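A.B. asks: could you work out the structure for the sequence below:
(one chain, ligands or ions: 1)
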Amino acid sequence: MTMTAAQARTAVCPGSFDPLTNGHVDLVRRAARLFDRVIVAVLVNDQKTPLLSPDDRAAIARETFADLAAVEVETFDGLLTAYAARRGAVAIVRGLRSAADFDYEWPMTAMNRRLQPDIETIFLVPSPEVSAISSRLVKEIWRLGGDIGGLVPPAAGTRMRARGRAGR
Ligand code: PNS
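C.D. replies: I've put the predicted structure just below:
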């Protein structure tokens, strides 16, 4: 039976992805097994000072997930729930590495539900091998001259080297 666009189940995987890590890769690949379409949504305007531009961050994700037909990459600005509704998403997918992640996620989940009750937030637990990786620590190691091999996908390493340790 063929599926119409209206029947396709879309999930949004939102984040700063500054940079995309192997933890994010694990998460998006898991999401792609559960949903017909997964949109990796790169946040454009954040309070934090990013290492990489939104375009670089999106390009890294596009290259990394080029083998997955179900995965699309976009940048977004403004409210996540409004964006997810515009894209017809039934779910927002986030990763849970630890109890600390839960404490960070829970208020956002509650507010997002209030804003958009029809969109369910779903948490996926990443593989233990990547559970200690965070973009924050990757950036710190990178800025201080450390080796980030094995922590980020090759496309991220390439762009980060091109931009230098100080970033864009
Ligand atoms: O990778 P991050 O930085 O943990 O991702 C955070 C993100 C992008 C999910 C969050 O900051 C977000 O949703 N920002 C969009 C603005 C918004 O909707 N804010 C209200 C959240 S309750």
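
A.B. asks: would you say Gly150 is within a strand?
C.D. replies: No. Gly150: not assigned to a strand; according to DSSP: H, G, I helix; E, B strand; the rest coil it is coil.

A.B. asks: would you mind measuring from the nearest residue to it once chain neighbours are set aside to Arg62?
C.D. replies: With CB to CB, 6 or more residues apart in numbering as the criterion, Gly150 has its nearest non-adjacent residue at 7.2 Å, and that residue is Asn22. Backbone N, C-alpha and C define where each C-beta goes, glycine included. Noted for Asn22: a distance of 17 Å to Arg62, by CB to CB, to the nearest Å.

A.B. asks: for those two, indicate the residue with more neighbours.
C.D. replies: Each of Asn22 and Arg62 has its neighbours counted (other CB atoms under 10 Å); Asn22 has more, 19 against 16.

A.B. asks: for the longest helix seen in the chain, which residues meet the burial criterion?
C.D. replies: In the chain, taking DSSP state H as the definition, the longest helix is helix 99-115. For helix 99-115, the neighbour count (16 or more other CB atoms under 10 Å) marks Asp101, Glu105, Thr109, Asn112 as buried.

A.B. asks: continuing past that helix, what's the next helix or strand?
C.D. replies: strand 120-124 (DSSP states H and E).

A.B. asks: parallel or antiparallel, which strands does that following strand pair with?
C.D. replies: Partners of strand 120-124 in the sheet, by DSSP bridges, are strand 91-95 (parallel).

A.B. asks: tabulate the CA atom coordinates of the partner strand in CSV.
C.D. replies: C-alpha atoms of strand 91-95 as CSV (Å, rounded to 0.1, in the frame of the first residue of the first chain):
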residue,chain,number,x,y,z
ALA,A,91,6.6,14.5,17.3
ILE,A,92,9.7,16.3,18.6
VAL,A,93,12.5,13.9,19.2
ARG,A,94,15.2,14.7,21.8
GLY,A,95,18.0,12.6,23.4
